[in-house]
Structure formats: C-alpha cells, structure tokens
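[1] My questions concern the predicted model and sequence given below.
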Amino acid sequence: MSAVDIKPVQASAAFGKEKLLEVKNLVKHFPIKGGLLRRTVDKVHAVDGVSFDLKAGETLGLVGESGCGKSTTGRCILRLIEPTSGEVRFAGRSVTGAGRDEMRALAREMQIIFQDPFASLNPRMTVGAIVGEGLVIHKLAANAREIEERVAQLLETVGLSADQMRRYPHEFSGGQRQRIGIARALAVNPKLVVCDEAVSALDVSIQAQVINLLEDLQEQFDLTYIFIAHDLSVVEHTSDRVAVMYLGRIVEIAAANELYTKPLHPYTEALLSAVPIPDPRVQRSRVRLQGDVPSPIHPPPGCHFHTRCPIAQKGLCDRETPQLKQSSDGHLVACHLRG
Ligand code: SF4
C-alpha cells in the first residue's frame, strides 16, 4: 500500500464525542461436534474476552493474522454470529440483549462491508435491487419511484453512475463491486460500518481508491468505522486507533501514530517489522517469530503468545494471563514485561 496515494487520516472527528459502541468481555467459542451422537467434544476459542469502546466518528483498526478472531469479533458485534458471552452496547442500547424487533432496528444502524464483493452480492439480482433491498426491508421509501431515486443517488455517491442500476454484479470490476457493497451498506443510513477486510481482495491501486472513498463518506455521513485488516499498512492510514489481536485477545490498543512509532507488545513489534517502509533511508530490523500460530482449539495457557515470544519468561508468561493495562494515556498493552 505504501506506493499508492492514500490521503492521510484527518485530525479525529471523534475527539470529545460520546461513546457509540461499548464491547465488554466478548467471547465466542465455536463447538466442535464429534462421535455418533454429534456431541460437543471441543471448542474453538475464536474470541476470548475482547473489550473496547468506540466514539462516534472514530475509526478503529482491528488487525492480526488470519484466524486471530478479528472478523468473528466484527460479526459478533453485529450479531451476525451469536456471541457465547459478553456485552455489546450501541448508542446506550444493549445489542446482545436485544429482542428480534429491537435487533432489526439496530441492524439498520450497524452495517458491514465484506471482503469478497463478488461472493457477497447476489448474482441474480440487479445492482438496483441489491442496493435498494435495505430500503424495502426497513421501509425507508414510500414507493418504487422513491427507491429508484435513492438508489441512483447512492450509486453516484460511491462513484458509479445511476444508469448502471439495471446491470448485474458480474458486469463490474472488483473495485466497482466493492463500491456496490458500500452503496448497499449506506442505503439504510447506518452510524457504524464494519469494514471486514473490505479492500484485501483488491489490487493495490484500487485499494487506495476505495479507502479514499470510505474516508470521504465518513466525513460526509458522520460514520464510525471498525476497519478489520490483516495488513497493518492499510490500517495505519485509515485509523484513529488500532487494536492488535492475537489468538482471540486484544494484546495492544493505542492511537495509530503511537502504536506505529512506539509499539510495546512483542507481537505488535513483529507485525510492524514486516511492514515495508517506502523511504530507503529508514531501516527497521525484522523480528522473526518462531513457529506458527498455535491452534485456537487449545490455545497456550498464560499469555497466548508465550510459545513465540522472543522475551517470554518461563514460570510467568506460560502461567499467568496478562491483562490489558494502561501504559500511557489511551495506550493499553497486555504483557507482563512491557508497559
Ligand atoms: Fe511475551 Fe510474556 Fe509479554 Fe506474553 S506476557 S508478550 S510471553 S513477555
């Protein structure tokens, strides 16, 4: 991403604003069934006690290697996946405790943009029907004409043309399809949008265009984003704060600038050391981690990262779970030896 022109993130519009989202001790364990009776024989610890807050207008980057639980966290917040335990509150209302009708209203305010724009768009529906579906479900337009007018407006807002509404997803490029996904999310006037690896499947130059579009829309519609990505360089340019996840837990969370210049957790250091720096005069030594990410079925005891950590202390890190603690203002780290 470094070679392309992404607009630098503006001074946070979230400064001084109220909390829009509160996530408390969110847990998602997927049962593993086995045997003749299909009993639960084990479980995947996909999300293991995630907590964070988000202010209105803020962008939080959620990063980590694939399988760390970041997408599951995003989906549990929207209850596209039912969390095992924990609490999610949105604008003061309980999401985790919401009944069916309440959840339908909340779903309008919390939307998601998926990684694979092709897989997430119904190939048998026209673009107009895809973008207009939310307007119909949530009864946000009085008649077919109003839906068509709104869809035309939305397509133009995301850089497509109104006359493309009668075409099908396969007639568009990957970047255009992602713009359709964005228009679909915007149709219902959401406050929070979870961008789940929203640019990962796109070419680098197209990624920059889509990121710039998302930033323009944030300003225009006062949106709050959770920007999920495995690529730290994408998140650096888009986020006010960044949370780093490892095996279902947040291990560090800080303002983006702070995290990129003064990382505290050894895992964040390793991830950052792998990000290419465009300026050849700046050197960063590469931290190579030992082994692979352990299985989330039996995550290591104590600090989940101790099996790969270059500074792990025997008898401490393999026994005691480090809690997220404040190191400096707004910079939290979960490590026995740092912070
Ligand atoms: Fe490494 Fe121990 Fe810190 Fe975990 S708690 S990151 S194992 S030093």
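    Right, received. Where do you want to start?
[2] What ranges in the stretch 201-339 of the chain fall below the confidence cut-off?
    Scanning the stretch 201-339 of the chain for pLDDT under 70 picks out 278-284.
[3] which residues of it fall in helices?
    Counting by DSSP state H, counting those that start in this stretch, residue ranges of the helices within the stretch 201-339 of the chain are 204-221, 232-238, 256-261, 266-273.
[4] could you dump those to a markdown table with distance to Asp292 and mean neighbour count?
    To be clear about C-beta, it is placed using only N, CA and C from the backbone, and glycine gets the same treatment. Below are those laid out as a markdown table (distance: least, Cβ to Cβ, whole Å; neighbours: other Cβ atoms under 10 Å):
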| stretch | distance to Asp292 | mean neighbour count |
| --- | --- | --- |
| helix 204-221 | 27 | 17 |
| helix 232-238 | 19 | 23 |
| helix 256-261 | 24 | 18 |
| helix 266-273 | 13 | 21 |
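[5] would you turn the ones you listed into CSV with distance to the ligand?
    Compiled in CSV, these are given as follows (distance: least, Cβ to the nearest ligand atom, whole Å):
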stretch, distance to the ligand
helix 204-221, 30
helix 232-238, 17
helix 256-261, 15
helix 266-273, 5
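[6] Those: which one's closest to Thr73?
    Counting by Cβ to Cβ, Thr73 lies closest to helix 232-238 out of the helices of the stretch 201-339 of the chain; the figure is 14.5 Å.
[7] all strands of the stretch 101-250 of the chain, in order?
    Per DSSP state E, counting those that start in this stretch, the stretch 101-250 of the chain carries strands over the ranges 110-113, 192-196, 224-229, 241-246, 249-255.
[8] Please report how far the closest residue to the ligand within the stretch 51-200 of the chain lies from Tyr225.
    Closest residue of the stretch 51-200 of the chain to the ligand, Cβ to the nearest ligand atom: Gly64 (13.9 Å). To Tyr225, Gly64 is 17 Å away according to Cβ to Cβ, to the nearest Å.
[9] So between the two, which is more surrounded?
    Gly64 (27 against 24; other Cβ atoms under 10 Å).
[10] Touching stretch 298-307 from outside, list them.
    Residues from elsewhere that reach stretch 298-307 (Cβ atoms under 8 Å, 6 or more residues apart in numbering): 45, 48, 246-249, 251, 265-267, 290-291, 294, 309, 312, 316-322, 334-336.
[11] picking that back up, can the strands of the stretch 101-250 of the chain go into JSON lines with extra columns for distance to Arg179?
    Shown next, in JSON lines, are these (distance: least, Cβ to Cβ, whole Å):
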{"stretch": "strand 110-113", "distance to Arg179": "10"}
{"stretch": "strand 192-196", "distance to Arg179": "13"}
{"stretch": "strand 224-229", "distance to Arg179": "16"}
{"stretch": "strand 241-246", "distance to Arg179": "25"}
{"stretch": "strand 249-255", "distance to Arg179": "30"}
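[12] export these to a markdown table and tack on distance to the ligand?
    A markdown table is the format used below for the strands of the stretch 101-250 of the chain (distance: least, Cβ to the nearest ligand atom, whole Å):
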| stretch | distance to the ligand |
| --- | --- |
| strand 110-113 | 31 |
| strand 192-196 | 27 |
| strand 224-229 | 22 |
| strand 241-246 | 9 |
| strand 249-255 | 7 |
